[in-house]
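[1] Requesting a structural model of the entry that follows:
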Amino acid sequence: MPDSVTAFAPLATERFLLRPLRAEDAAELHRLVNDWEVAKTLARVPFPYPRDLADEWIGSTAERVAAGEAYHLAIARREDDVLVGCVGLTLDVAARSAELGYWVGRRHWGQGIAPEAAGRLSRWALANLNIDRLTASALTDNARSAAVLTRIGFRETGAGAQDFLSRGGAMPVRLFEAGRADFAPPPAAPAAAPEAAADSKPILLVAAVGLIDADNRVLLARRPEGKPLAGLWEFPGGKVHPGETPERALIRELKEELGIDVTEACLAPFAFASHGYEAFHLLMPLYLCRRWQGQVTAMEGQTLAWVRPMRLADYAMPPADRPLVALLRDFL
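    The predicted model follows:
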């Protein structure tokens, strides 16, 4: 499966940039975090906070980003690049999860910075990292942090205890969790036919294709941030417009999304998926294609991967796509 991102491009919010920390951030970082009102809420921050620890920690963040182990970032104002806090993720590869953490300097409280930064990083992570869920915790007496987490989409899942360096021991915490469904916009449902029963779901027709290259690899595309099921891998394709056949829809979609030209003669019907989502029922014919004109290119900035048939199951996919994987793997 593809590795985590190794070169981090800053993420923009309306007011801030979430960027890698730099050596010149150390002085301001120390001033902001060496504050009991901030440090007492952070499990891994000692108090008092030594000045040289800021330099050491900033140096370690670059190594961990490069290794795809953690993403600890500066929250910097877009207008002047001034550091106002930090937000980060620590990955648990085996559990396909990441722990979210954040803090904002006391002088910057009350400006909605934490939800803006933490929400942005959470959405990016679920769309771009090999994880399925996010976890977080907040001290039981830290109502402000709990409110931030629920505001951006986290669900409270229970209670526990966690060691806090600043407090010298274990403290009670509230536990939170979030997944793709908690952050993504709901899928748009097609309009129901006038004669449909009141309790029936409208049918959404989507055509998909398994592009197979000369090495017998299959192309998968990752759903980008901002779309339902962001971060999951799927077969290229898209909705069939009114008046279109599935074949014509694929020809259009492959040109728009991948920059390649395909003819109907090169699209071979293979299988179909039928899956009920909450708002609609998806019907998705899958075609196979080994011949096309042009170079496969991510025209819409999506991540692409050419995958060996035996490794298709290693990629997290939407529920409708999963049953097709075994059929395609056995066929190839």
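[2] all contacts plus neighbour counts: C-alpha atoms, from now on.
    OK.
[3] Check what contacts stretch 155-169 and list those residues.
    39-40, 42-48, 149-150, 170-178 (C-alpha atoms under 8 Å, 6 or more residues apart in numbering).
[4] What about those residues, which are in helices?
    Among those, the residues falling in helices (DSSP state H) are Ala39, Leu149, Thr150.
[5] Looking at the residues you listed, which is nearest Trp103?
    The closest of those to Trp103 turns out to be Ala39 (C-alpha to C-alpha; 8.9 Å).
[6] gap between the closest one and Glu116?
    Per C-alpha to C-alpha, to the nearest Å, Ala39 is found 21 Å from Glu116.
[7] still on that earlier bit, adding pLDDT, neighbour count and distance to Lys255, write the ones in helices among the contacts of stretch 155-169 out as a markdown table.
    Shown next, in a markdown table, are these (pLDDT from 0 to 100; neighbours: other C-alpha atoms under 10 Å; distance: C-alpha to C-alpha, whole Å):
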| residue | pLDDT | neighbour count | distance to Lys255 |
| --- | --- | --- | --- |
| Ala39 | 96 | 23 | 53 |
| Leu149 | 97 | 24 | 41 |
| Thr150 | 95 | 15 | 41 |
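[8] Just the strands from the stretch 51-200 of the chain, written as ranges.
    70-77, 83-92, 97-104, 133-139, 155-164, 169-179 (DSSP state E, counting those that start in this stretch).
[9] Report the inter-axis angle for the last one versus strand 97-104.
    For strand 169-179 against strand 97-104, the angle between stretch directions is 110 degrees (axes from the mean of the first three to the mean of the last three C-alpha atoms, to 10 degrees).
[10] May I see the buried residues of strand 169-179?
    Across strand 169-179, burial judged by 16 or more other C-alpha atoms under 10 Å covers Met171, Pro172, Val173, Arg174, Leu175, Phe176, Glu177, Ala178, Gly179.
[11] Test my guess that Tyr287 contacts Ile212.
    No: Tyr287 is beyond contact range of Ile212, at 10.7 Å (criterion: C-alpha atoms under 8 Å).
[12] pLDDT score for the residue lying closest to Asp182 once chain neighbours are set aside?
    Once flanking residues are discounted, Asp182 sits nearest to Gly153: 5.3 Å by C-alpha to C-alpha, 6 or more residues apart in numbering. You'll see Gly153 listed with a pLDDT of 94.
[13] so what's the backbone phi/psi at Gly153?
    The phi and psi values for Gly153, taken as degrees, to the nearest 10, are phi 120, psi 0.
[14] Distance check, it against Ala147.
    10 Å.
[15] So for these two, which residue has more residues nearby?
    Gly153 (20 against 13; other C-alpha atoms under 10 Å).
[16] Spell out which residues sit in contact with the more buried one, please.
    With contact set as C-alpha under 8 Å, 6+ apart, Gly153 has these partners: Ala178, Asp182, Phe183.
[17] Quick check: it vs Leu21, distance?
    Gly153 sits 26 Å away from Leu21, going by C-alpha to C-alpha.
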